[in-house]
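Novice: Please find the sequence and the predicted model below.
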Amino acid sequence: MSVHVFGIRHHGPGSARSVRQALEELAPDVVLVEGPPDAQAVLPLLAHVDMKPPVALLIYASDAPSRAVFYPFAMFSPEWQALGYALEREIPARFMDLPQAHQLLPEPAPAGEKPEGEEPEAKPEAEDEVSDDPLGALAQAAGYTDRELWWEHQVEQRRDARGLFEAILDGMTELRRGREHKDEREVRREAFMRRTIRAAEKEGFARIAVVCGAWHAPALVGGLTAKADDAVLKGLPKAKVEATWIPWTYSRLAYRSGYGAGVGSPGWYAHLWESPDRAPLRWLARIAHLLRETGLDASSASVIETVRLADALAAMRGLAMPGLAELSDATQTVLCAGDATPIAVIRTKLEIGHDLGEVPEDTPAVPLQRDLAALQKRLRLKPTAEIKPLELDLRSENDRARSRLLHRLALLRVPWGKPGPAGGGKGTFHERWVLEWRPEMAVALVEASIFGNSVESASTARVVGDAREADLGALTALLDAAILAELPEAIDRVLARVQEKSALSADVRLLMNALVPLARTTRYGSVRETRAEHLVGILDGLFERIVVGLVAACASLDDAAAAQMARAIAAVHESVTLLDRAAQREEWTAVLVALVERESIHGLVRGAACRLLVEQRALGSEQLERHARLALSTAAPPAQAAAWVEGLLRGSALLLLHHDGVWSALDHWLASLSDEAFVEMLPLVRRAFADFSGAERRQMGDKVKALRGAAGAGAAARSGDPVDDLDPARAALVNPVLSAILGVELP
């Protein structure tokens, strides 16, 4: 009876290949792997033909799915190869780590503070560094500053596994010498591993293969007695957990994602596993193909030169073959002509990669997950880890169903799709999305399954539940989302809450915000088949309350509240225009006129209302000029005058360019400001013009210049000044001084 411990790094093709070779030489009759025994029941799925790594074991607490842990595997993971070896040969394969049932427990209540002056026991710094990064310690001892480079040279490029695991065991034994674990969790894990090994020995297995993290290897050879381990493990609390397999991504295997056992370049490691023969040459061919896809030149001659340079760099560095560092240096020098920009694309798409694994259909899953998988298949929306844009035409039934699904998932807090940039396309029938599937969304789906067994029922229940506690502002956003998700039952329930809350609310601005999604149902009704007739009564009631209370609500606003009110007024104006009802338009116009006429109302609100009246042609040029003169008179506070200008100028500049009176009043107001007031108002005025393009600002400047010139000529003519009766000789004497000031030659 013998126990053989193979200390490995959790992901790496060289380590995986060495484990496979060692197992074939040993021919064990049982394989024990560091992993969660809670997943023993789903372990046979690993050998399923439809199981395509990268995948991960998901273990979660049954009563609180947010307490979850992942165990990722790639094809080049040593544990995956060890388990696959056992399943192929039909020998027992078991997980031997401390069960997650003992670890996925609720967080304990915060402990009381330590007595004053008592400091917590500090862990020695050297022990922290070594236990957290033992490979880094070995690399440093070997003279390397980069642990990834050391591991690639010593393990990944190794062709013969003989002596490898003995050397790893010796190295880790020396690193652990004199260091006792202070972490109780690690002590329990290693005690449970030893207990599992002893159980296999008692069953009579002659050759036991143990595959575990290299740091744990010395602790599993000899060490503590069974009695000591039983004492450590006695009385551990336990939670009920569930286990399943989920798709994983290479990007989540990278340590830059925050994964503690991650590797630097999972895409490169996958390539080394899949192409052990002439791996550097095949890698450069893939790079050339990628560069050509992005429109960059990558000729065969350049690839050949890159291969030669990579081989030369490897020889200069004393390596048997070029590694990733040599290939990257050669690629940037030859294929990228020294430019580092394409290297970032190569890094993201090849070195890390976007591959998303697949799991069999009979993998344990909650009904909500199965419903989503069926919808994804029917709608031809395959999840992918790569960020992909999606454009939808809502007049197409399939695209409309896709939109419906994405909106419903958003309500379930599963943000598979995010709304993309607006503009272009087919107007209100067009939607843009950006899709990216992330593995942790599997946990979000498990959490959402408490609301229902299908995407529709769960999203409906979630909306109804959220509506119970939401205020009027939150109900507005919730109603908008429910309309987009086409959830009739949820819409009815939210509408009832809106009606109830609006009847009790005295905040006119909240009522205004609530009006917008109701009005939008008219636009969506033709496409999403929303029952708009149910909304008319509520919408009319809200509108009447807004009309009655708006003027009073606009009194005594500070700058921040005025900005919010101006946005709300613009939204209601859009809704009234959208509904296109004559009676509502007349009432709304009367309210806007009342806002414009009240000097006590904040200038930003008055200016915005004035702008809306101009847009709907309810305010003529003479009336606009009169309001401009009043708002920009010397009697008006400069800050309020600047705010009025900002409100008026929101939107297109072309609409106001032909109103000469406005520009004359603005020019006169700026000219009348004192030096101190001008300096104070300049940032406000610049902000008012900030959203206009350079061409629009030039047109405005030319307009004011032309008006000023015409006004000057008219004033001179009215005063009887001899405008054209000049003495050319005397005027010419001024030219040299003007030339020096202006920097131009004057005739």
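Specialist: Now that the structure is in, tell me what you want to look at. Numbering: from 1, shown residues only.
Novice: Helices of the stretch 601-747 of the chain, start to end?
Specialist: Assigned by DSSP state H, counting those that start in this stretch, the stretch 601-747 of the chain shows helices spanning 603-615, 621-631, 638-648, 654-657, 660-672, 675-689, 694-719, 728-732, 735-742.
Novice: Which residue ranges of this structure form strands?
Specialist: Assigned by DSSP state E, the strands in the chain fall at 2-8, 30-33, 55-61, 64-73, 93-95, 207-213, 241-247, 388-393, 417-419, 430-435.
Novice: nearest to Asp170, of those strands?
Specialist: If you check each of the strands of the chain against Asp170 by CB to CB, strand 2-8 wins as the nearest, at 10.1 Å. In this view, the C-beta of every residue, glycine as well, is placed from N, C-alpha and C.
Novice: Pairing partners for that closest one, with directions?
Specialist: For strand 2-8, the paired strands and their directions (DSSP bridges) read strand 207-213 (parallel).
Novice: So what's the gap between the strand it pairs with and the chain middle?
Specialist: How far strand 207-213 lies from its chain's middle: 40 Å, per CA atoms, centre = their mean, to the nearest Å.
Novice: do stretch 492-501 as well
Specialist: Its chain's C-alpha centre and that of stretch 492-501 lie 32 Å apart, by CA atoms, centre = their mean.
Novice: quick one, helices of the stretch 151-300 of the chain?
Specialist: With DSSP H, counting those that start in this stretch as the criterion, the stretch 151-300 of the chain has helices spanning 164-176, 184-202, 226-233, 266-274, 279-293, 300-316.
Novice: now, of these, which is deepest in the fold?
Specialist: Highest mean neighbour count of the helices of the stretch 151-300 of the chain: helix 266-274, a mean of 23 (counted as mean count of other CB atoms under 10 Å).
Novice: Where among the helices of the stretch 151-300 of the chain is average confidence lowest?
Specialist: When these are compared on average pLDDT, helix 164-176 comes out lowest at a mean of 85.
Novice: what's next to it, contact-wise?
Specialist: With CB atoms under 8 Å, 6 or more residues apart in numbering as the contact definition, helix 164-176 has outside contacts at 5-8, 18, 22, 130, 134, 137-138, 155, 158, 214-215, 217-219, 221.
Novice: Buried ones among the residues you listed?
Specialist: Buried members of the contacts of helix 164-176, counted by 16 or more other CB atoms under 10 Å: 5-8, 18, 22, 130, 134, 137-138, 155, 158, 214-215, 217-219.
Novice: Glu90 and Val30, how far apart?
Specialist: Distance of Glu90 to Val30, given as CB to CB, to the nearest Å: 12 Å.
Novice: Out of the two, name the residue with the larger neighbour count.
Specialist: Between Glu90 and Val30, Val30 has the larger neighbour count (other CB atoms under 10 Å), namely 20 against 8.
Novice: For that one, give its distance to Ala514.
Specialist: Val30 sits 66 Å away from Ala514, going by CB to CB.
Novice: Apart from its chain neighbours, what residue comes closest to Pro342?
Specialist: Leaving out its chain neighbours, the residue that sits closest to Pro342 by CB to CB, 6 or more residues apart in numbering is Cys336, at 4.7 Å.
Novice: show me what contacts that neighbour?
Specialist: Going by CB under 8 Å, 6+ apart, Cys336 touches 291, 296, 342-343.
Novice: From the residues you listed, keep the buried residues only.
Specialist: 291, 296, 342-343.
Novice: For Val645, give me the pLDDT.
Specialist: Here the pLDDT value assigned to Val645 is 79.
Novice: mind checking the backbone torsions on Arg278?
Specialist: Backbone torsions of Arg278, given as degrees, to the nearest 10, read phi 60, psi 50.
Novice: Tell me how many other residues surround it.
Specialist: 11.
Novice: Identify the residues contacting it.
Specialist: Per CB under 8 Å, 6+ apart, neighbours of Arg278: none.
Novice: Would you check how far apart it and Ala288 are?
Specialist: 15 Å.
Novice: Return the member of the contacts of Cys336 nearest to Ala68.
Specialist: Nearest to Ala68 among those: Ile343, at 35.7 Å, using CB to CB.
Novice: nearest residue to that closest one other than its sequence neighbours?
Specialist: The shortest distance from Ile343 to any non-neighbouring residue, by CB to CB, 6+ apart, is to Gln332 (5.4 Å).
Novice: Does that neighbour touch Gly338 like I think?
Specialist: Yes. Taking contacts as CB atoms under 8 Å, Gln332 lies within contact range of Gly338: 6.5 Å.
Novice: quick revisit: could you point out which of the helices of the stretch 151-300 of the chain sits nearest His573?
Specialist: His573 lies closest to helix 279-293 among the helices of the stretch 151-300 of the chain, at 47.6 Å (CB to CB).
Novice: So this protein: which segments form each domain?
Specialist: Using automatic domain parsing, the domain parsing of the chain gives 2-105+137-257, 277-352, 367-451.
Novice: Can you tell me, leaving aside adjacent residues, what's nearest to Arg195?
Specialist: Spatial nearest neighbour of Arg195, chain neighbours left out: Asp229 (5.5 Å); criterion: CB to CB, 6+ apart.
Novice: Thr196 is in contact with that neighbour, correct?
Specialist: No. Using CB under 8 Å, Asp229 makes no contact with Thr196, being 10.3 Å away.
Novice: In stretch 49-63, which residues are buried?
Specialist: 51, 53-61.
Novice: so can I have a markdown table of those showing distance to Val596 and pLDDT?
Specialist: Output for the buried residues of stretch 49-63, formatted as a markdown table (distance: CB to CB, whole Å; pLDDT from 0 to 100):
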| residue | distance to Val596 | pLDDT |
| --- | --- | --- |
| Met51 | 69 | 94 |
| Pro53 | 67 | 92 |
| Pro54 | 63 | 92 |
| Val55 | 65 | 93 |
| Ala56 | 62 | 91 |
| Leu57 | 66 | 92 |
| Leu58 | 61 | 92 |
| Ile59 | 64 | 93 |
| Tyr60 | 60 | 92 |
| Ala61 | 61 | 91 |
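Novice: now, among those residues, which is nearest to Leu405?
Specialist: The closest of these to Leu405 turns out to be Leu58 (CB to CB; 22.5 Å).
Novice: Enumerate every residue touching the nearest residue in space to Gly452 that is not next to it in sequence.
Specialist: Nearest residue to Gly452 in three dimensions, chain neighbours excluded: Ala458, at 3.5 Å (CB to CB, 6+ apart). Residues near Ala458 by CB under 8 Å, 6+ apart: 368, 412, 448-449, 451-452.
Novice: any idea how far Met51 is from Asp371?
Specialist: The gap separating Asp371 from Met51 is 22 Å, by CB to CB.
Novice: what do you get for Val576?
Specialist: Separation of Val576 from Met51 (CB to CB): 58 Å.
Novice: do the same with Phe451
Specialist: Counting by CB to CB, the gap from Phe451 to Met51 is 29 Å.
Novice: Any stretches of the stretch 401-550 of the chain with poor pLDDT?
Specialist: Within the stretch 401-550 of the chain, the stretches with pLDDT under 70 are 422-428, 521-535.
Novice: Dig out what Ala64 forms beta bridges with.
Specialist: Applying DSSP bridges to Ala64 gives these bridge partners: Ala61.
Novice: Quick check, pLDDT for it.
Specialist: Reported pLDDT for Ala64: 87.
Novice: Run a quick neighbour tally on it.
Specialist: Around Ala64 there are 13 residues (other CB under 10 Å).
Novice: How about Thr577?
Specialist: Using other CB under 10 Å, Thr577 has 15 neighbouring residues.
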